[in-house]
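> Take this sequence and fold it.
(2 chains)
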Protein chains: 2
Amino acid sequence: MFKPDEPIITSLFDIDFYKFTMGQMMCLLYPFVNATFGLTNRTKSVRLADEVRIEQLREELDYVRTLSFNKTELRYLRGTNEYQERMFREDYLTFLGKLRLPEYELEKRDGQFYLEFPGIWAENTYWETIGLGIVSELRNRTLLEKMTRAEREAIFKTGRLRLEKKIKKLKERPDVTFIEFGTRRRFSKMWQDYVIQRLREKLPSSQFLGTSNTHLAMKYGLLPMGTSAHERDQIIAGIMDDGTDDWMIKAILKNLNEWWNMYGQGLSIALADTFGTDFFLRVMTPEQARHWKGIRQDSGDPFKIGEKIIAFYEKHMVNPREKMIVFSDGLDIDLLFKLFDSFSKRIKCTFGWGTNLTNDLGLRALSLVIKAIQANGRGLVKLSDNLAKAIGAPEDIERYKRACDYDSSTVFTECKY
Amino acid sequence: MFKPDEPIITSLFDIDFYKFTMGQMMCLLYPFVNATFGLTNRTKSVRLADEVRIEQLREELDYVRTLSFNKTELRYLRGTNEYQERMFREDYLTFLGKLRLPEYELEKRDGQFYLEFPGIWAENTYWETIGLGIVSELRNRTLLEKMTRAEREAIFKTGRLRLEKKIKKLKERPDVTFIEFGTRRRFSKMWQDYVIQRLREKLPSSQFLGTSNTHLAMKYGLLPMGTSAHERDQIIAGIMDDGTDDWMIKAILKNLNEWWNMYGQGLSIALADTFGTDFFLRVMTPEQARHWKGIRQDSGDPFKIGEKIIAFYEKHMVNPREKMIVFSDGLDIDLLFKLFDSFSKRIKCTFGWGTNLTNDLGLRALSLVIKAIQANGRGLVKLSDNLAKAIGAPEDIERYKRACDYDSSTVFTECKY
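So this is what the prediction gives:
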């Protein structure tokens, strides 16, 4: 379970599947957008760059830049038909076949890593979950290396016990379904692989629905799953920001329409919280409410937001029981069951279960993100339903809050993961 | 390199790729043909059933019957586009998704295994390379188990040395290309995997073109390759045999046309020797000679048959340099180079290299085949350009020889592998 000599990322397919669905959109519709992604360690108390040697991080990132997609991986994407026949077009697959991940900028600043990925959005977007997987695992490797063998074994024993406990509880509730969403903050690649193996052995495919990790989905014959990320909303809003009153409404609608036009109903789970769910639910049209499968909840109080989503559907005369919420923020098994019990009789629910599923071995998981920070020269903003997760320059955040009638009083200010 | 506890076949994808291209044809055009495949050990001197325990063989065959194609494997086929866009149709993939391999009949008779696969052609065809891989590896496991560890190590050392020698020679001749065709008579699954790994590491993809093994092609991002088998010719001739004078000509043309209609130029390598290459070259039309990419040579004297193929193209005013011969019978590195030197200036050549590539470790490789023996109640025949390879009841063989103006004097009677 601990192979410090192996590179962390050995395949570009070791990435969240939504990078490909979003990636195709960028490649075909936004091929010339310039963007920068940047790493943020929200767990400020951990001085990451004092723990992990910068040379090691550089080595891992450089190794990724030698990788490319192979024939099998491109065929796998070409053969995807669970969401839509031929969802990936040949011109996109040709682009992917030639892709090497672009350069990064890395420095040590005040005990943290300054790690940025500048360049073309359609190319550097692939760094997100790969970069996170590297930083997360490298930190854990560093911690493990300092331990005795017995201490290391205790860590993995804890991990196994906690995982089996989760599985046991899930077996008692076969109606509760979920998707493994933990690539970005996994303890390690091998641990995620082990978790997936156990889930697959112990739970029926009607309960463990799939994984967001494309490589593991391929390896284990699972369904690769995913929705869409904040970067899409952030960047499209950013480049459309023309100072008019309703730019944000236009950006949200354009984004929804482009996604629908490309993937149809198969991938129609909207991410609602980028600029606050309240605003999103005011913008989404009744027609979209009827056609889209559902909404992903990724920040804020999930109980309150679940109620808002049900109210939204009811307002538009749509039966919530035909729609779905994908809860994906800060889940653990108890919260998962509580949310299921609160909502499942009124709206379909499923869960995108991340950090607590793939990084629960007793060591504290860091709250790391790699987020879009600028596009075509403009600073980007994410508000979310939890201002502790907000991203952007203070003056931009204020401007976006005004544009979205953002009500700070309704939101969390605590960040669990 | 020796794991006797593992089942030999752990995935139905561990099979020659041509089973899928032919399988789709059977599934869509011949779904109700009844057929039987049977094992023959052409190396009569080895009393296989005295060496290998029948219970072990049964255990391996039974395990295969628990397997099915998973999501990833079906996606991989769906995503195949090297030969033709969307070469596998959804109805065929749906059929494959439900497929379990049908029952077999196994007995011990006079020191050999009587092993037959009755049933529907579209279902039992998949037993061919899987059954062969099992019997071949099981026999080698039995031999290895009787050895000391040092003896076993010597076997693998021999294998490695011989492989490296082949690779060294190939590196000196980068113009000589080949495809690995050795699944059916491999020493073992692990050994074939090792061979592929070494070839892939050491030789450029312009020389080592791909493998017939679908699982290994997927695993290593190689091109899965293959042409077509005698079973197609045998069964279609068998079910069309209506006693008329020209039934065989009709069968060969129907077969060629159906293949062309399904796969077009991408897979247009004809197998010429089922009923004698002389006859085949008289039946193939000038138009087919122009359109088809080339011909596979699988029995008889390859030098003489190569000349016949060149003469065939010249007779039809086709430039042989635009056509290809795939040599696939009894190759070793010296024969391969000799054939290349004799033909490559006059016609494109490549090599489907089997037994001697994946089973050359000092232990004698058996000449095992699993061939179609009856279809819709009729005994089947294969003549080939080497009567030692002929299959069928003596009176049927004589009848087929007459139908094909088969000239016994031009053919080999020796069987190397």
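> need the strands for the stretch 201-350 of chain A, in chain order.
Remark: strands assigned in the stretch 201-350 of chain A by DSSP state E, counting those that start in this stretch are A:208-211, A:269-271, A:294-297, A:324-327, A:348-353.
> Pick the most deeply packed of the ones you listed.
Mean neighbour count (mean count of other CB atoms under 10 Å in any protein chain shown) peaks for strand A:294-297 among the strands of the stretch 201-350 of chain A, with a mean of 25. All C-beta atoms are positioned from the backbone trio N, CA, C, and that covers glycine.
> excluding its backbone neighbours, what's nearest the residue of the stretch 301-417 of chain A found nearest chain B?
Distance from chain B to each residue of the stretch 301-417 of chain A (CB to the nearest CB) is smallest for residue A:350, at 18.6 Å. Excluding the flanking residues, the one nearest residue A:350 by CB to CB, 6 or more residues apart in numbering or on different chains is residue A:177, at 4.9 Å.
> ok, the one you found to chain B distance?
17 Å (CB to the nearest CB, to the nearest Å).
> And for residue A:181?
19 Å.
> so who does the spatially closest residue to residue A:296 that is not a sequence neighbour touch?
Distance criterion CB to CB, 6+ apart; nearest residue to residue A:296, sequence neighbours excluded, is residue A:326 at 4.3 Å. Neighbouring residues of residue A:326 by CB atoms under 8 Å, 6 or more residues apart in numbering or on different chains: A:179, A:227, A:269, A:294, A:295, A:296, A:297, A:349, A:350, A:351, A:352.
> Farthest pair within those residues?
A:179 and A:295 (15.2 Å; CB to CB).
> Got the confidence number for the residue nearest to residue A:296?
Note for residue A:326: predicted pLDDT of 98.
> What separation do you get for it and residue B:407?
According to CB to CB, to the nearest Å, residue A:326 and residue B:407 sit 71 Å apart.
> dump the residue contacts of residue A:370.
A:37, A:38, A:39, A:40, A:115, A:117, A:127, A:128, A:129, A:131, A:132.
> Just the residues you listed: which are in strands?
Within the contacts of residue A:370, residues falling in strands by DSSP state E are A:37, A:38, A:39, A:40, A:115, A:117.
> And these, which is closest to chain B?
residue A:117 (25.9 Å).
> hang on, isn't the closest one packed against residue A:123?
No - applying CB atoms under 8 Å as the test, residue A:117 and residue A:123 come out as separate, 9.1 Å apart.
> Counting neighbours, go ahead and name the busier of the two.
Legend: neighbour count by other CB atoms under 10 Å in any protein chain shown for residue A:117 and residue A:123, higher for residue A:117 (27 against 19).
> Next, work out how far apart the more buried one and residue A:180 are.
Separation of residue A:117 from residue A:180 (CB to CB): 25 Å.
> Which helix or strand in chain A has the lowest average pLDDT?
helix A:394-403 (a mean of 92; mean pLDDT, DSSP states H and E).
> Pull out the buried residues from that one.
A:396, A:397, A:400, A:401, A:403 (16 or more other CB atoms under 10 Å in any protein chain shown).
> With respect to residue B:165, which of the residues you listed is nearest?
residue A:396 (66.8 Å).
> For that closest one, give its distance to residue A:238.
9 Å.
> What's the local residue count around the residue found closest to residue A:300 once you drop the neighbours it is linked to in the chain?
Excluding its sequence neighbours, the residue lying closest to residue A:300 (CB to CB, 6+ apart) is residue A:385, at 2.6 Å. The number of residues packed near residue A:385 is 27, by other CB under 10 Å.
> My read is that residue A:385 contacts residue A:305, right?
Yes - in this structure residue A:385 lies within contact range of residue A:305 using CB under 8 Å: 6.3 Å.
> Could you please give me the overlap between the contact lists of the two?
Joint contacts of residue A:385 and residue A:305 (CB under 8 Å, 6+ apart) are A:273, A:277.
> mind checking the longest helix of chain A?
helix A:149-172 (DSSP state H).
> now the most centrally placed residue in chain A: how far from residue B:17?
Chain A has residue A:229 as the residue nearest its centroid, 6.1 Å off, counting by CA atoms, centre = their mean. Residue A:229 is 37 Å from residue B:17, where distance means CB to CB.
> For chain A, give me the ranges with low pLDDT.
A:408-417 (pLDDT under 70).
> show me the contacts for the closest residue to residue A:124 other than its chain neighbours.
Leaving out its chain neighbours, the residue that sits closest to residue A:124 by CB to CB, 6+ apart is residue A:117, at 4.4 Å. By CB under 8 Å, 6+ apart, the residues touching residue A:117 are A:36, A:37, A:38, A:102, A:103, A:104, A:105, A:124, A:127, A:131, A:370.
> helix, strand or coil for the fourth one?
In terms of secondary structure, residue A:102 is coil; the call rests on DSSP: H, G, I helix; E, B strand; the rest coil.
> what about it, how many neighbours?
With other CB under 10 Å as criterion, residue A:102 counts 14.
> just checking, it touches residue A:121?
No - shown here, residue A:102 and residue A:121 do not form a contact pair, counting by CB under 8 Å, at 10.5 Å.
> and residue A:162, how many neighbours?
16.
> Would you quantify the distance from it to residue A:140?
Going from residue A:162 to residue A:140 by CB to CB gives 15 Å.
> for residue A:68, same thing?
27 Å.
> quick one, which of those two is more surrounded?
Shown here are residue A:68 and residue A:140; by other CB under 10 Å, residue A:140 has more neighbours (22 against 15).
> thought the more buried one was touching residue A:364?
No - assessed by CB under 8 Å, residue A:140 is found out of contact with residue A:364, at 10.3 Å.
> and the closest residue to residue A:152 other than its chain neighbours, which of the three is it?
Nearest residue to residue A:152, sequence neighbours excluded (CB to CB, 6+ apart): residue A:144, at 5.4 Å. Per three-state DSSP, the local secondary structure of residue A:144 is helix.
> Thanks a lot, see you next time.
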